[in-house]
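Peer 1: Pasted the sequence and its predicted model underneath.
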Amino acid sequence: MSATVETVDKYILPAVPLRSIAAYPGMPISLELGRKRSIAALEEANATTGKLFLIPQKDPNTERPFADDLFDVGCIAKIKSVSKTKEGTARVLFECEDRAMITNVIQRKGYIAAEGLVKKVALKSNGVKSEALMGEARKAFQRMAELTSGLPDEIKFAVDTVKDPGLLADFIAANALNRFESKIKILYEFDPICRIEMLLLCMEEEIKVLEYEADIARKVRSAIDDNQRDYYLREQLNVIRDELGMNDDDEDFEQRIRSAKLPEEVESKLLKENLRLSKTPFGSAEGNVLRNYIETCLELPWGVTTPERKSLKQARRILDRDHEGIEDVKKRILEYLAVRELTDKPASQIICLVGPPGVGKTSVARSIAEALNRKYVRVALGGIRDEADIRGHRKTYVGAMPGRIIEAIGRAETSNPLILLDEIDKLANDFRGDPASALLEVLDSEQNKFFRDHFLELPYDLSGCMFIATANDPSGIPAPLYDRMEIIELKTYTYSERLAIAKHHLIPKQLEKHGLTSAQLKITDAAINKIIRSYTREAGVRNLEREIGSICRKCAAGIVGKEYEKLTVKPDNLAELLGPEKLIPEMIPEKDTVGLVNGLAYTESGGAMLPIEVALLPGTGKIELTGSLGDVMKESAHIAVSFIRSRAEILGIDPDFYKTKDIHIHAPEGAIPKDGPSAGIAMTVCLASALTNRPVDRTVAMTGEVSLLGRAIAIGGLKEKSLAALRAGAKTVLIPKDNVRDMQRLPDEVKRGISFIPVEDADTAIELALLSAAAKKERTEKRGETDFAPIPSKKNYVPLNCSAKNNE
């Protein structure tokens, strides 16, 4: 019996590449098309003949296959039905008709087409060989069906009823063969007899694989009890691993555990986990979890420490080298270190460095680590709201990992690092737990000897670690944590300190960073002062460093561009380098004004002037408050009005002013929210000025909370507010009497430039700040004179100067 080619037809049709599957004539096939070129080919075929080529591609990962990426054999398929999905794909049912040898692939607009030859081959006679081959194919299929579960009965029935050898080969290849290479071999055979012979060869190879797998399964079943079906897959993989020799990792772990000199409890735990790992299938999820757990535990520095340096002189030298000023902070840190040296025990309290951004909290911690010869690691706490970030995730969860404390110790590679808990005031909490509560155990010296991370499930000794926290706002620190910490405040830098920091630290650092030398770029002290006053307004020096960096970049560009060989920065050429001045200087008013007072405020970036304005209008006593004032400031305004009403007779004003006049109180720069009680005195004085029509001495600034009875109540941030007053040109500052104790901590430049007058009540502040008619006339005649003494009074108010020996 032989086959002959009856006809050869040529077709040019749109083509759809297939990934990892093959289509056979006489077989329906359902596909989901997602690639744009495939959908375009489908639409073209639908609009024309309703037919297209289904051609398997060689590499399923190729996104835009062309001639070299496709096999040169395929199948002509007729479109039976099409349905579109929400995702933009198309589900299509094809009826495959004829094999085709692909002779050419053509690129069309938006899709590919193929040119193919369809060879229709028929047998001369249906003889004995054909029947014998079909019988062998059915037997092989029956054997595969016995070894493979899941073949439907309909397929088994169809195999027994198909009479054509070519169709039988295609049917079995489509429904029983597993290997893609075997499917392609069948697709290439146009001759029915050759096709079924090739099918028998492919089936024989796959039967051998299936029988070997069944043999492995029998070995596994003989090794386990009938009631232990859950361990079936594990034992099956164990047999495979034994045959392939894949148990080396477990032995390596065991050797590392025994040689690591771990604590007894830790070693015992890890050996048990390693035993579990050895019985776990390779590549399984549980095996990966165990492997990650053992690796993490072995990477931790159990019992490894670095020798600590205890020289206070060395610590002082490093602190002085890295930080300018902040003497109180340095002394407090050295005291802390001295106590640690004497007791040779971890301190019960934790240092918390509090201050505005940019004042050097993080760099102080780094200097302490260097002074003590400890490894330095930083743990960012800002925005953390999950307790598991501190304690770790239990290792049963997908993606589990240790908490940030254990992770930091792993990075430090020692058990006694200095750990910086940065932004501890930014901790949050939600339904997942309170991270602040988890930190309590970390920071408690009585508990952290046996700290248990949820991931490790083992005690880890944190008592050797030194913890330092930082915060911008101490009120944001949870109370239990605050109670465990020693607060050290880093205040706003003075102008002289900023100048020294720029000269000794920032400029050398930026010169090195930008590849410049001190001979190529010089910045005069006057230029630095102008940068500080006209281009930055902050508590620290971050923006100052940015501006210096900008100057260095422009200098580098000028030197490389050969515009000049060196540059000296002076106030005159500063605008060419940094542009126009970014800040309008805060200055006191040019003249004494009715209803305008120089208040003082404390902000995150330091102190600032807070002008208060009052205007009186005919009306019914309505009080208008503007300038983005908070609730506390609004209450201060109402207290000021009530107090002035109680003093109407003393001040000589109409006692019914609150009925006949509307009062408008305003704080300029309305876009900036303002709140706090310390503007109470300023509001009271400003209101008194407007009602008495007496101007306020423009050289006087003031701060203080006022009570309903007029008492001046102490405020905070005196240093920052005093610096703001000095910067604005004020000569005298009125402060509550209870704040006299804070004046000892004021910088020398403030003490030299400002006279402080403590006041007990608002009456005194009004008397000192408002100008009398005679003083007003004198000021008018001598306009431009700034030195001014407060108006004479029956009381003897003595300005305080902290540098004077008799003003204590």
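Peer 2: Received the coordinates, thanks. What you are looking at is a predicted structure, and each value in this text was computed from that prediction instead of being measured. Residues are numbered from 1 along each chain as shown.
Peer 1: Stretch 728-743 spans what distance, first to last residue?
Peer 2: 19 Å (CA to CA, to the nearest Å).
Peer 1: quick check, distance from that stretch to the centre of its chain.
Peer 2: 42 Å (CA atoms, centre = their mean, to the nearest Å).
Peer 1: go on, stretch 333-353?
Peer 2: On CA atoms, centre = their mean, the centre of stretch 333-353 falls 32 Å from that of its chain.
Peer 1: Stretch 43-60 too?
Peer 2: 48 Å.
Peer 1: Return that stretch as CSV; C-alpha atoms alone will do.
Peer 2: These are the backbone C-alpha positions of stretch 43-60, laid out as CSV (Å, rounded to 0.1, in the frame of the first residue of the first chain):
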residue,chain,number,x,y,z
GLU,A,43,-10.8,40.6,11.9
GLU,A,44,-9.2,40.4,8.4
ALA,A,45,-10.2,36.8,8.0
ASN,A,46,-13.7,37.4,9.3
ALA,A,47,-14.1,40.2,6.7
THR,A,48,-12.9,38.1,3.8
THR,A,49,-12.8,34.3,3.5
GLY,A,50,-13.5,33.4,7.1
LYS,A,51,-10.3,31.3,7.1
LEU,A,52,-6.8,31.7,8.4
PHE,A,53,-3.6,29.9,9.1
LEU,A,54,-2.8,28.6,12.6
ILE,A,55,1.0,28.3,12.8
PRO,A,56,2.9,27.2,15.9
GLN,A,57,5.8,29.4,16.9
LYS,A,58,9.2,28.1,18.0
ASP,A,59,9.6,30.1,21.2
PRO,A,60,6.5,30.8,23.2
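Peer 1: So what touches that stretch?
Peer 2: 11, 13-23, 29, 41-42, 65, 69-71, 73-79, 82, 94, 96-97, 100, 102, 108, 111, 113-114, 116, 180, 184, 187 (CB atoms under 8 Å, 6 or more residues apart in numbering). All C-beta spots, glycine's among them, are computed from the backbone N, C-alpha and C.
Peer 1: Skip the chain neighbours and tell me the closest residue to I172.
Peer 2: Using CB to CB, 6 or more residues apart in numbering and skipping the chain neighbours, the partner closest in space to I172 is F141 (5.5 Å).
Peer 1: Now the longest strand along the chain: buried residues?
Peer 2: Looking across the chain with DSSP state E, the single longest strand is strand 90-108. By 16 or more other CB atoms under 10 Å, the buried positions in strand 90-108 come out as 90, 92, 94-96, 98-100, 102, 105.
Peer 1: now, the most widely separated pair of the residues you listed?
Peer 2: A90 and R99 (24.5 Å; CB to CB).
Peer 1: Need phi/psi at L521.
Peer 2: In terms of degrees, to the nearest 10, the main-chain angles of L521 are phi -140, psi 120.
Peer 1: How much space separates the residue nearest to it when sequence neighbours are not counted from E545?
Peer 2: Once flanking residues are discounted, L521 sits nearest to C555: 4.7 Å by CB to CB, 6+ apart. In this view, C555 and E545 are 15 Å apart by CB to CB, to the nearest Å.
Peer 1: Between these two, point out the one with more neighbours.
Peer 2: C555 (23 against 19; other CB atoms under 10 Å).
Peer 1: quick one: contacts of the helix or strand harbouring that one?
Peer 2: Secondary-structure assignment from DSSP states H and E places C555 in helix 542-560. By CB under 8 Å, 6+ apart, the residues outside helix 542-560 that reach it are 357-358, 498, 501-502, 506-507, 509-511, 513-516, 520-521, 523, 531-532, 535-538, 564-567, 569, 577-578.
Peer 1: Filter those residues down to the buried ones, ChimeraX style.
Peer 2: To isolate the buried members of the contacts of helix 542-560 in ChimeraX, using 16+ other CB under 10 Å:
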select :358,498,501,502,506,507,510,511,514,516,520,521,523,531,532,535,536,537,538,567,569,577,578
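Peer 1: Just the contacts of helix 542-560: which are in strands?
Peer 2: 521, 523, 567, 569.
Peer 1: okay, those residues in TSV with distance to V685 and pLDDT next?
Peer 2: Shown next, in TSV, are these (distance: CB to CB, whole Å; pLDDT from 0 to 100):
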residue	distance to V685	pLDDT
L521	49	87
I523	42	87
L567	49	86
V569	43	86
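Peer 1: These: which two are farthest apart?
Peer 2: Largest pairwise distance in those, by CB to CB, is 9.0 Å, between I523 and L567.
Peer 1: Once you drop chain neighbours, what's closest to R309?
Peer 2: N373 (3.9 Å).
Peer 1: The one you found and T305 touch, don't they?
Peer 2: No. Counting by CB atoms under 8 Å, N373 stays clear of T305, with 10.9 Å between them.
Peer 1: hmm, which helix or strand of this protein has the shakiest average pLDDT?
Peer 2: Each helix and strand of the chain was given a mean pLDDT (mean pLDDT, DSSP states H and E); the minimum falls on helix 773-781 at a mean of 53.
Peer 1: are any of the contacts of stretch 43-60 buried, and which?
Peer 2: Buried among the contacts of stretch 43-60 by 16+ other CB under 10 Å: 11, 13-18, 22-23, 29, 41-42, 65, 70-71, 73-77, 79, 94, 96, 100, 102, 111, 113-114, 116, 187.
Peer 1: Return the subset of these lying in helices.
Peer 2: 41-42, 187 (DSSP state H).
Peer 1: Now do the buried residues in stretch 652-666.
Peer 2: So for stretch 652-666, counting by 16+ other CB under 10 Å, buried means 653, 657-658, 661, 663-666.
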